[in-house]
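**Q** Sequence first, predicted coordinates after that:
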2 protein chains.
Amino acid sequence: MSRIDASFSVCALFGFPARHSMGPAIHNAAFDKLDLPLVYVSHDVAPADLPAAMAGIRALGYRGLSVTMPHKVAAMALVDEVDPVASAIGCLNTVVQRDGRLFGYNSDGQGALDALQRAGIAIKDRQVLVLGSGGAARAVAMTVALRGQPAELEILGVVDAELDALARDIADKAGRKVGARHLDSEALAQAMAKAEVLLHCTSVGMTPDTEKSLVPPALLRPELPVFDVVYNPRRTRLLKDAAALGCKVVEGMEMFLGQAMVQFELWTGKPAPAETMRAVIEARL
Amino acid sequence: MSRIDASFSVCALFGFPARHSMGPAIHNAAFDKLDLPLVYVSHDVAPADLPAAMAGIRALGYRGLSVTMPHKVAAMALVDEVDPVASAIGCLNTVVQRDGRLFGYNSDGQGALDALQRAGIAIKDRQVLVLGSGGAARAVAMTVALRGQPAELEILGVVDAELDALARDIADKAGRKVGARHLDSEALAQAMAKAEVLLHCTSVGMTPDTEKSLVPPALLRPELPVFDVVYNPRRTRLLKDAAALGCKVVEGMEMFLGQAMVQFELWTGKPAPAETMRAVIEARL
């Protein structure tokens, strides 16, 4: 019989579409595991309906939200307070309601940092190289800059305006100078020679182009840990090449898990049951 | 592991308070039984928040609502269409969303009619006596008048203005003349002598005053079926007296079940699993 009685509060995903997310399966399994009076559902929210939907969760007393495309920027203006990391990234993916006030967070970058930490990979005082300047790269690079205390942070990307804006924003928000260069083979070779941690944050290698990698295997070294934001496939060409050389590798699945764990902890105030949540994700990837 | 994934839609109770309702346990058990992609939660909605909450369920695509105190009248103005029975009663307790439009219903009276039918008690062409003129009596008497085809309907109550308004509304909405008299011992004796079905719709006999009954046992006859809207206790003094005489009796619990079954059928379009729902109610009463 269902656990759910009148004492339960609701967490939800807002997306458009929201109907294929793993979020409900992951978070409901975690709520069940800790026997918490919470249930997680998905809502398809059309962009024009976002203000009414956000007003709705206030009136309905939702505990919190996951927010995904296309609402991550627009939702910023509809919460009462935005966490400094989310503000610096420029979008949120998590909302928590406390005493009728909505607080916005971005758990994506922290999810990546936590995944690295679980894998025993240090960021602090290391030379960190980020590939990419899109949404995922922005969340990861900004969070590394604000929270990771790297020795230096370098970002290579192909969309120069986006790359320059990201470097400028990191300088502004994190007070930290960032090396930002156009991604070509020469820049990549130079950056890879210095890098002590590689964070791949583009979509290269994602299904169906699973044999592609931005990084020639000759640029990898066994002592260079490699993280890939792509989680479909779990083991990308880049991670296969790195693992074959003996590098520590971190799959994008671990960041996906990590950001969900951060959300769980924001909503519940309790440590997330990592193994329960990982099992749901692994069963569905 | 939780059944609930991203395909699920939400039904909810709006109340203030809503936190002690059996609704979530009953409806989630029924959704589980039929393996439907629906989940039911409770929302405490303050009166001032009702418009935002109703706009919210549009934006969030809720399948439907149960609506209870203090929102049953105010919600009428916030739906797109009101069913004629709910409109005649003057309040709704059920909302269904179809293609973005909200439809209001009142399942209380139909729940009583269905409970009588399940017990094999006919209303059609019978002399029906309703005791009471409050909210429950109004829903039951109006639904009997509109849907039950009684030979005659008589209502006795002690709040004369309320009683007169109910009789007038039944004449207006159902085009049916109703006998309405002040409830005193003489009127009761005369009405009981004629009655072929007795529907007790006041709170007399409810916990803690479980030894009270409006009807002296001397007025009961074995061939007179007796329904009591009170469900706490399940077996009221009135029903005990009637059952001791050999009358067919119908507990208020069966109306409570019946209105929930009507709601389930409105939201899902499927026959409600009565035994599953009854088992949840019995376990909690």
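**A** Noted; the coordinates are in hand.
**Q** which parts of the stretch 151-285 of chain A sit against chain B?
**A** Contact residues (Cβ under 8 Å from any Cβ of the partner chain) of the stretch 151-285 of chain A with chain B: A:V280. C-beta: built from backbone N, CA, C; applies to glycine.
**Q** just the helices in the stretch 151-285 of chain A please.
**A** In the stretch 151-285 of chain A, the segments counted as helices under DSSP state H, counting those that start in this stretch are A:160-174, A:185-194, A:237-245, A:252-268, A:274-284.
**Q** what's the longest one packed up against?
**A** Contacting helix A:252-268 under the criterion 3 or more Cβ pairs under 8 Å, 6 or more residues apart in numbering or on different chains; DSSP states H and E are the following elements: helix A:23-33, strand A:64-67, strand A:94-98, strand A:101-105, helix A:108-118, strand A:226-228, helix A:274-284.
**Q** and A:A189, which of the ones you listed is closest to it?
**A** For these, the distance to A:A189 is smallest for strand A:226-228, at 16.0 Å, taking Cβ to Cβ.
**Q** The closest one pairs with which strands?
**A** Sheet pairing of strand A:226-228 (DSSP bridges) gives strand A:197-200 (parallel), strand A:249-250 (parallel).
**Q** Show residues contacting the first one.
**A** Spelled out, that is strand A:197-200. Strand A:197-200 is contacted by residues A:112, A:116, A:121-123, A:126-132, A:140-141, A:144, A:150, A:192, A:214-215, A:224-230, A:236, A:238 when judged by Cβ atoms under 8 Å, 6 or more residues apart in numbering or on different chains.
**Q** What is the distance between it and the centre of its chain?
**A** Taking the mean of its C-alpha atoms, strand A:197-200 sits 14 Å from the chain's own mean (Cα atoms, centre = their mean, to the nearest Å).
**Q** pull the CA atoms of that strand into PDB?
**A** Provided in PDB are the C-alpha atoms of strand A:197-200 (Å, rounded to 0.1, in the frame of the first residue of the first chain):
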ATOM      1  CA  VAL A 197      42.700  17.900 -13.500                       C
ATOM      2  CA  LEU A 198      40.700  17.700 -16.800                       C
ATOM      3  CA  LEU A 199      37.000  18.600 -16.700                       C
ATOM      4  CA  HIS A 200      35.400  17.900 -20.100                       C
END
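**Q** Tell me which residues of it come out buried.
**A** Buried residues in strand A:197-200, counting neighbours by 16 or more other Cβ atoms under 10 Å in any protein chain shown, are found at A:197-200.
**Q** so which strand or helix has the residue in chain A that chain B sits nearest to?
**A** Nearest residue of chain A to chain B: A:G56, at 1.8 Å (Cβ to the nearest Cβ). Taking DSSP states H and E as the definition, A:G56 sits inside helix A:50-60.
**Q** Leaving out chain neighbours, which residue sits closest to the residue nearest the centre of chain A?
**A** Against the mean C-alpha coordinate of chain A, by Cα atoms, centre = their mean, the closest residue is A:D108 at 2.1 Å. Leaving out its chain neighbours, the residue that sits closest to A:D108 by Cβ to Cβ, 6 or more residues apart in numbering or on different chains is A:A139, at 3.9 Å.
**Q** Next: A:L78.
**A** Using Cβ to Cβ, 6+ apart, the closest residue to A:L78 is A:M54 (4.2 Å).
**Q** what's around that neighbour, how many residues?
**A** Using other Cβ atoms under 10 Å in any protein chain shown, A:M54 is surrounded by 25 other residues.
**Q** again with A:V73
**A** Residues near A:V73, counting by other Cβ under 10 Å, number 13.
**Q** And the one 3 residues further on, by the same measure?
**A** The local packing of A:M76 (other Cβ under 10 Å) involves 18 other residues.
**Q** ok, back up a step: name the helices or strands packed onto the helix holding A:G56?
**A** Secondary elements touching helix A:50-60 (3+ Cβ pairs under 8 Å, 6+ apart): strand A:9-15, strand A:94-98, strand A:101-105, helix B:50-60.
**Q** circling back: compute the inter-axis angle for the strand or helix carrying the residue nearest to A:D108 and helix A:160-174.
**A** A:A139 belongs to helix A:135-143 when assigned by DSSP H and E. Relative orientation of helix A:135-143 and helix A:160-174, computed by axes from the mean of the first three to the mean of the last three Cα atoms, to 10 degrees: 30 degrees.
**Q** Any figure for the gap between the closest residue to A:M22 other than its chain neighbours and B:N232?
**A** In this structure, A:M22 finds its nearest non-sequential neighbour in A:R284, 5.4 Å apart by Cβ to Cβ, 6+ apart. A:R284 sits 45 Å away from B:N232, going by Cβ to Cβ, to the nearest Å.
**Q** Among these two, which residue is more densely surrounded?
**A** B:N232 (15 against 10).
**Q** my read: the more buried one touches B:T207, true?
**A** Yes. Using Cβ atoms under 8 Å, B:N232 is in contact with B:T207, at 5.0 Å.
**Q** Who is A:V82 paired with across the strands?
**A** So, taking DSSP bridges as the rule, A:V82 has A:G104 as bridge partners.
**Q** Could you do A:H200 as well?
**A** Here A:H200 shows beta-bridge partners A:L131, A:D228, assigned using DSSP bridges.
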